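> What follows is a protein structure lacking sequence information:
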């Protein structure tokens, strides 16, 4: 893992969001989510289809 930030987005008052990751190469990514309730890290897997 390289540990570099590749996407940064801010959303306000949303209970659900979608991120377009089509420009990313396939692999495993860490997503850091910060809310009023705290900070959470999630691991997602992206595979290129098409």
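That came through fine. Everything numeric in this text was worked out from a predicted model, so none of it was measured. Numbering: from 1, shown residues only.

> contacting residues for residue 11?
By CB atoms under 8 Å, 6 or more residues apart in numbering, residue 11 lies in contact with residue 17. From N, CA and C alone the C-beta is placed, and that goes for glycine too.

> Grab the nearest non-local neighbour of the residue nearest to the spatial centre of the chain.
Centroid-nearest residue in the chain: residue 31, 4.0 Å away (criterion: CA atoms, centre = their mean). Closest residue to residue 31 apart from its sequence neighbours, by CB to CB, 6 or more residues apart in numbering: residue 42 at 4.6 Å.

> Now do the SS call for residue 32.
For residue 32, the assignment made with DSSP: H, G, I helix; E, B strand; the rest coil gives strand.

> count of neighbours near it?
Close neighbours of residue 32, defined as other CB atoms under 10 Å, add up to 10.

> looking at the sheet around it, what are its partners?
For residue 32, the beta-bridge assignment (DSSP bridges) gives partners residue 41.

> is it true that it touches residue 41?
Yes - the pair residue 32 / residue 41 is scored as a contact, 5.5 Å apart, by CB atoms under 8 Å.

> Which pLDDT does the model give the closest residue to residue 9 other than its chain neighbours?
Closest residue to residue 9 apart from its sequence neighbours, by CB to CB, 6+ apart: residue 19 at 6.6 Å. Reported pLDDT at residue 19 in the predicted model: 83.

> got it, and residue 12?
What the model reports for residue 12 is a pLDDT of 83.

> Name the residues that touch stretch 41-50?
Contacts for stretch 41-50 (CB under 8 Å, 6+ apart): 21, 24-33.

> Please repeat the previous calculation with a cut-off of 6 Å.
21, 24, 26, 28-32 (CB atoms under 6 Å, 6 or more residues apart in numbering).

> and the least confident helix or strand in the chain by mean pLDDT, what does it pack onto?
When the helices and strands of the chain are scored by mean pLDDT, DSSP states H and E, strand 27-35 comes last with a mean of 89. Secondary-structure packing of strand 27-35 (3 or more CB pairs under 6 Å, 6 or more residues apart in numbering; DSSP states H and E): strand 38-46.
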